[in-house]
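Trainee: Sharing a model prediction with you, sequence too.
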Amino acid sequence: MTGGCSIVWFRRDLRVEDNPALAAGVRSGKVIPVFIWAPEEEGHYYPGRVSRWWLKQSLSLLDSSLKNLGTSLITKRSSDSVSSLLDVIKSTGATQLFFNHLYDPLSLVRDHRAKEILSENGVLVRSFNADLLYEPWEVLDDEGRPFTTFAAFWERCLSMPYDPEPPQLPPKRIISGDVSKCPSDTLVFENESEKGSNALLSRAWTPGWSNGNKALTAFINGPLLHYSVNRRKADSATTSFLSPHLHFGEVSVRKVFHQARIKQILWANEGNKSGEESVNLFLKSIGLREYSRYGDKVEQGTLWLMRGCENFGLLLPWRWGMKYFWDTLLDADLESDALGWQYISGSLPDSHELERIDNPQIEGYKFDPNGEYVRRWLPELSRLPTEWIHHPWNAPEYVLQAAGIELGSNYPLPIVKIDTAQTRLQQALTQMWQHEANSRAVLENGIEEGLGDSTDDTPIAFPQDMQMETEHDNLGNRVTTTIRHYEDQMVPSLTVTTSLFRGTEQEEEEEEESSTDHRIAGHDDRRAEVPDDDDMNLESGREGIQSVIPQFNNQIDLRSINGGGGGSHSPAESSSGTSFRRERDGVMVPVWSPGNSDTSSYLQRHPQSHQVINWRQLSQTG
């Protein structure tokens, strides 16, 4: 379809070059670029202070770039992105919507819902990969199953039979659609109390897609050469500083990959082994970002919470640290942050051992051998000799006095000693494994008591549900047949492995009868969907496990729990790749399936959801 007006929905792809959605809009005719600020949809992951500051600057530069090309960015403030899209489409007469994929659980559900509802209203919806080298469903093992460790995953990425798509040039010009009836809303990203500290950020950072390209060029032609040696140094600028630019999509990951590989080839021809190794290690960090979006580490990490995941010296859950940093990270990236915290907490198959505790003194001298980082950010210790800089509590009294340090007064004493922390950790692990063994024994005996006795556990406080009105008139009588395109996103239907649950034969029969009834009624629903509240409320006897699983609007397929079918598609249903289900002990895994199909629409299956959609928010520990 060409010649119509298209909406290009910007999210975390704030650039005009190598932007597949924007390029598709330009090819189709007139374009209306739209950004919708709906932070309430993110639940507990409402954007933090510094990331909101970054977003404000980035949007300003994007708008300037779009104006230079012939159009401008329409901004909307909303509590429901899909409703706002419908409003924009209605006021502009647009017939198409293009956007780029996101992979966090909430975005997967929101994007799937957008495709369903807009298609029902006669709008052609297309989505594209602009955030990854390869889509998650493209990177599978020889048996068509997902990888469970990073090393195997990244090895397959590097040995794929086809390279990532090369980056695209920005459009030469953009023909703007009619926005006379669609004024922009004023977006407020910071309050008065935040402006002072936010102003300091501009001294060190310059957001925006063109500045991201400058940062990439500076790194490729500078620190990359010695990245293998210097990457762990905390006291100097030895890394790329690309993380926030990548998070907001100001820099294309494909551009980063291709430019790094070009350098690697040049250094290989020169016999520069150090340079080759530097590129390998840098690309591995890009690979970790890819892996964080692979198989939904956010969901997996939540299930691992039931197994403890509290191996810091203080036995604190990793999500406490993640929650604090969420407000202070420029690149507060949900998937990457979750992967990092799970890795250091021993929550992944290939992460640190659960019983491992890093000694801060050893780690300090490893990454900051001269103490320059500590002296910069802890001026209380600035006069301390390097010999004691990473363990001032062991310094002789005369050294402390000469440095002006009084332990317990102007600098704190250690909260816990390493030996004590190690002992406490071993005790906690012993208790955790015993608890899990007892829980499994209970389940195997057919007693539905959840995961052991949880009467002493503090319940997770879920916030009030956010009600988002989505009642709209159909836009005329336009009818569009839903067509699946090869770029379209596949959506994971999250399934829980059978080792966690074992229902009675009666429950299995009831579940089978329920599934049969749906198929007879024409509701053979094997796609990921936004479930009703009832879909997420597992039987009351399973409250133990429910207390630790955040209730995302991704479907937990109870047929898989009880050994029934469903949740998979034949390869013919998607040209993007094959769907899969990986049985893993105690882990929720995704079944990738097309975002759209020819079966009954979501609204037809759940007519009550056309009026109110219930967005369950992420759980909050502590």
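Mentor: Cool, the structure landed.
Trainee: show me where the protein has strands.
Mentor: 5-10, 30-37, 74-77, 96-100, 124-128, 466-469, 490-496, 588-594, 612-615 (DSSP state E).
Trainee: For the ones you listed, which has the smallest mean pLDDT value?
Mentor: Lowest mean pLDDT of the strands of the chain: strand 612-615, a mean of 30.
Trainee: The spatially closest residue to residue 380 that is not a sequence neighbour pairs with what?
Mentor: Using C-beta to C-beta, 6 or more residues apart in numbering and skipping residues adjacent in sequence, the residue nearest residue 380 is residue 411, 5.1 Å away. Glycine gets a C-beta too; all of them are placed from N, C-alpha and C. Beta-bridge pairing for residue 411 (DSSP bridges): residue 407.
Trainee: right, and residue 411 touches residue 391 too?
Mentor: No: the pair residue 411 / residue 391 is not scored as a contact, 11.9 Å apart, by C-beta atoms under 8 Å.
Trainee: so who does the residue nearest to residue 380 touch?
Mentor: Residue 411 is in contact with 380-381, 392, 405, counting by C-beta atoms under 8 Å, 6 or more residues apart in numbering.
Trainee: got it, and residue 393?
Mentor: 407, 413-414.
Trainee: Closest to residue 208 out of these?
Mentor: residue 414 (42.5 Å; C-beta to C-beta).
Trainee: separation between that closest one and residue 285?
Mentor: Using C-beta to C-beta, to the nearest Å, residue 414 is found at 32 Å from residue 285.
Trainee: Give the buried residues for stretch 384-400.
Mentor: By 16 or more other C-beta atoms under 10 Å, the buried positions in stretch 384-400 come out as 384, 388-390, 392, 395, 399-400.
Trainee: Roughly how far does residue 213 sit from residue 5?
Mentor: In terms of C-beta to C-beta, residue 213 sits 30 Å off from residue 5.
Trainee: again but with residue 320, I slipped
Mentor: 47 Å.
Trainee: Settle it for me: which of these two has more neighbours?
Mentor: Neighbours per residue, other C-beta atoms under 10 Å: of residue 320 and residue 5, the larger number sits with residue 5, 21 against 16.
Trainee: partner residues bridging the more buried one?
Mentor: Applying DSSP bridges, one finds that residue 5 bridges with residue 30.
Trainee: Next: the one 5 residues further on.
Mentor: Here residue 10 sits in beta bridges with residue 35, going by DSSP bridges.
Trainee: Does it touch residue 32 like I think?
Mentor: No: using C-beta under 8 Å, residue 10 and residue 32 do not qualify as a contacting pair, with a distance of 10.9 Å.
Trainee: neighbour count winner among those two?
Mentor: Taking neighbours as other C-beta under 10 Å, residue 10 and residue 32 compare with residue 32 leading, 27 against 23.
Trainee: In contact with the more buried one, which residues?
Mentor: Residue 32 touches 5-8, 71, 74, 88, 92, 94, 176-177, 179, 182, counting by C-beta under 8 Å, 6+ apart.
Trainee: Swap in 6 Å and give it another go.
Mentor: 7, 92, 177, 179 (C-beta atoms under 6 Å, 6 or more residues apart in numbering).
Trainee: State the distance from it to residue 364.
Mentor: Taking C-beta to C-beta, one finds residue 32 at 53 Å from residue 364.
Trainee: and residue 476, what pLDDT?
Mentor: 44.
Trainee: Got the phi and psi for residue 359?
Mentor: Note on residue 359: backbone dihedrals following degrees, to the nearest 10 are phi -80, psi 120.
Trainee: what about the helices in the stretch 51-200 of the chain?
Mentor: Ranges of helices in the stretch 51-200 of the chain, per DSSP state H, counting those that start in this stretch, are 81-92, 105-120, 150-158, 192-201.
Trainee: between the first one and strand 5-10, how many degrees?
Mentor: Using axes from the mean of the first three to the mean of the last three C-alpha atoms, to 10 degrees, the direction of helix 81-92 lies 150 degrees away from that of strand 5-10.
Trainee: which residues touch helix 81-92?
Mentor: 32, 34, 36, 38, 76, 78, 113-114, 117, 177, 181-182, 470, 472, 475.
Trainee: relative orientation of that helix and strand 96-100 in degrees?
Mentor: With the same axes, to 10 degrees defining the directions, helix 81-92 sits at 140 degrees from strand 96-100.
Trainee: The nearest residue to residue 24 once chain neighbours are set aside pairs with what?
Mentor: Nearest non-adjacent residue to residue 24, counting by C-beta to C-beta, 6+ apart: residue 98, 4.8 Å away. For residue 98, the beta-bridge partners are residue 8, residue 126 (DSSP bridges).
Trainee: what's around residue 98, how many residues?
Mentor: Residues lying near residue 98 (other C-beta under 10 Å) number 25.
Trainee: still on that earlier bit, closest to residue 250 out of the contacts of residue 32?
Mentor: Using C-beta to C-beta, the contacts of residue 32 come closest to residue 250 at residue 7, 21.0 Å.
Trainee: and the gap between the residue lying closest to residue 140 once chain neighbours are set aside and residue 346?
Mentor: Spatially, and ignoring its direct neighbours in sequence, residue 140 is nearest to residue 146 (6.2 Å; C-beta to C-beta, 6+ apart). Distance of residue 146 to residue 346, given as C-beta to C-beta: 21 Å.
Trainee: cool, and residue 425?
Mentor: 10 Å.
Trainee: Ok, residue 229 next?
Mentor: 28 Å.
Trainee: out of the two, which sits in the busier spot?
Mentor: Neighbours per residue (other C-beta under 10 Å) separate residue 229 from residue 346, with residue 346 holding more: 20 against 13.
Trainee: Surely that one and residue 354 touch.
Mentor: Yes: between residue 346 and residue 354 there is a contact under C-beta atoms under 6 Å: 3.9 Å.
Trainee: Run through the residues that contact the closest residue to residue 360 other than its chain neighbours.
Mentor: Closest residue in space to residue 360, ignoring its immediate chain neighbours: residue 390 at 6.9 Å, by C-beta to C-beta, 6+ apart. The contact partners of residue 390, taken as C-beta under 6 Å, 6+ apart, are 361, 364-365.
Trainee: Which of those residues fall within helices?
Mentor: With helices taken from DSSP state H, the overlap with those comprises 361, 364-365.
Trainee: Now tabulate those in CSV and tack on pLDDT.
Mentor: Output for these, formatted as CSV (pLDDT from 0 to 100):
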residue, pLDDT
361, 88
364, 89
365, 89
